[in-house]
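Visitor: This is a predicted model, with the sequence first.
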Amino acid sequence: MKQRIMGIIAVVAITAVAGYNVYNLQNDVNLSNLALANVEALADDGEGSGDKKFVVPWTEEVSREDNGNSIIVTYKHIVRCPHGGYSDCTPSETTTQVTVPKG
């Protein structure tokens, strides 16, 4: 009877230690500065494959002019690329005019 109780206690202890170790491994993710620098370098390989997604600062200006018979709406879309641009990003300025007749 004592051997059976000791066996059960041993199994419970081993299970508890194994569970604790698995819990610690799942929650303990520490990356060194070197590892973080490597991840950043891999993400920005400089080849411009087109698969990367990044935020491009842009603005849009809208102006309206009433010339009597119609309203002229001008849309100006300006793209500014960080650091002078990448192969995936070209600084640009596009202007579109739409004439809307009154009526």
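Guide: Received it, and whenever you're ready, just let me know what you need. Residues are numbered from 1 along each chain as shown.
Visitor: From T94, how far out is the residue nearest to T90 when sequence neighbours are not counted?
Guide: Counting by Cβ to Cβ, 6 or more residues apart in numbering, C81 is the residue found nearest to T90 once chain neighbours are left out, at 6.8 Å. (Glycine included, C-beta is placed from N, CA and C.) Distance, C81 to T94, using Cβ to Cβ, to the nearest Å: 14 Å.
Visitor: So if I had to pick from the two, which one is more boxed in?
Guide: Using other Cβ atoms under 10 Å as the criterion, C81 and T94 rank with C81 on top: 16 against 10.
Visitor: can you give me the strands for this structure?
Guide: Per DSSP state E, the chain carries strands over the ranges 58-66, 70-79, 92-101.
Visitor: where does the chain dip in pLDDT?
Guide: Low-confidence segments of the chain (pLDDT under 70): 26-32, 35-36, 41-57, 83-88, 103.
Visitor: beta partners for E60?
Guide: Bridge pairing for E60 (DSSP bridges) gives the partners H77.
Visitor: could the strands of the chain go into CSV alongside distance to A13?
Guide: Below are those laid out as CSV (distance: least, Cβ to Cβ, whole Å):
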stretch, distance to A13
strand 58-66, 62
strand 70-79, 64
strand 92-101, 68
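Visitor: just the helices in the protein please.
Guide: Ranges of helices in the chain, per DSSP state H, are 2-27, 33-43.
Visitor: Using JSON lines, please lay out the ones you listed together with mean neighbour count.
Guide: Shown next, in JSON lines, are the helices of the chain (neighbours: other Cβ atoms under 10 Å):
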{"stretch": "helix 2-27", "mean neighbour count": "9"}
{"stretch": "helix 33-43", "mean neighbour count": "10"}
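Visitor: Looking at these, which is nearest to E61?
Guide: helix 33-43 (32.8 Å; Cβ to Cβ).
Visitor: okay, now V79: neighbour count?
Guide: Counted by other Cβ under 10 Å, the residues lying close to V79 total 15.
Visitor: Same question for N67.
Guide: If we define neighbours as other Cβ under 10 Å, then N67 has 9 of them.
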